[in-house]
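Participant: Any chance you could fold what I've pasted below:
(one chain, ligands or ions: 2)
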Amino acid sequence: MSKGAVGKVDTTRRDLDCPRDHTRLTERMVEGAFLDECPECRGRFFDHGEMYAALGIHADPSYWDRPEVTGSIEDAPIHCPRCDAHMSLVTLAQDADRVEIDRCGHCKGIWLDHGEAEMVMKIGKSMEPVIAKERAAAQKELDAMGEVDFNPSLLAQFLALFKK
Ligand SMILES: [Zn+2]
Ligand SMILES: [Zn+2]
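Facilitator: Ligands and ions are numbered 1, 2, ... in the order given. Now for the predicted structure:
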């Protein structure tokens, strides 16, 4: 294991090795995103933001990286292919669906073993009603704020500017 200085993460570097079997990952273009896939175990590495780009909105962490589905977080036995930091094993669970994924706290990269992406997306999709509800509530709040055209406290602050 190399102990490079923790600093800027170079996400353009493409010579990544599989954290499981150390096979060189091959680059694959999926929906406009570059994916690094292991030809041996078919695990995939996603840089920050690539899950959404490659797999769609239900794979985006905003859908599954939520307290409702996030369970235990443990030290994973593998190192990040991108930055070599120790990865964390995060359990996601929703009803009978359950998956353990490896995340890097340093570069925010995500390693998915073969088949895990489908489960992450399934869990993400199940969060859709919760997220829709939250959005509606936020929108309502915004609308209500728009109706306030007179704010007594702001007016008081404004008038105070002229007091010496
Ligand atoms: Zn592999
Ligand atoms: Zn990393």
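
Participant: Flag every buried residue along stretch 53-68.
Facilitator: In terms of neighbour count (16 or more other C-beta atoms under 10 Å), stretch 53-68 has its buried residues at A53, A54, L55, H58, A59, D60, P61, Y63, W64, R66. For glycine as for every other residue, the C-beta is placed from the backbone atoms N, C-alpha and C.

Participant: and what of stretch 88-103?
Facilitator: L89, V90, L92, A93, Q94, V99, E100, I101, D102, R103.

Participant: picking up where we left off before, just give me the closest of the buried residues of stretch 53-68 to C18.
Facilitator: A54 (17.7 Å; C-beta to C-beta).

Participant: In three-state terms, how would that closest one be classified?
Facilitator: Counting by DSSP: H, G, I helix; E, B strand; the rest coil, the backbone at A54 sits in helix.

Participant: Could you check how many residues crowd around the residue nearest to C38 when sequence neighbours are not counted?
Facilitator: Excluding the flanking residues, the one nearest C38 by C-beta to C-beta, 6 or more residues apart in numbering is C18, at 3.9 Å. C18 has 22 neighbouring residues, counting by other C-beta atoms under 10 Å.

Participant: now the one 10 residues further on
Facilitator: The tally of other residues near R28 (other C-beta under 10 Å) stands at 12.

Participant: How about R42?
Facilitator: Residues lying near R42 (other C-beta under 10 Å) number 12.

Participant: With the one 5 residues further on instead?
Facilitator: In terms of burial, D47 registers 22 neighbours under the definition other C-beta under 10 Å.

Participant: ok, it - contacts?
Facilitator: T11, R82, C107, K108, G109 (C-beta atoms under 8 Å, 6 or more residues apart in numbering).

Participant: Same question for T91.
Facilitator: T91 touches T70, G71, S72, I73, R98, V99, E100, counting by C-beta under 8 Å, 6+ apart.

Participant: Which residue, other than its chain neighbours, is closest to M119?
Facilitator: That would be V99: by C-beta to C-beta, 6+ apart, it lies 3.9 Å from M119.

Participant: Let me know the helix or strand that that neighbour is in.
Facilitator: Using DSSP states H and E, V99 maps to strand 97-104.

Participant: still on that earlier bit, Throw the buried residues of stretch 88-103 into CSV and include pLDDT, thanks.
Facilitator: Putting those into CSV (pLDDT from 0 to 100) gives the following:
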residue, pLDDT
L89, 97
V90, 97
L92, 97
A93, 96
Q94, 93
V99, 97
E100, 97
I101, 97
D102, 98
R103, 97
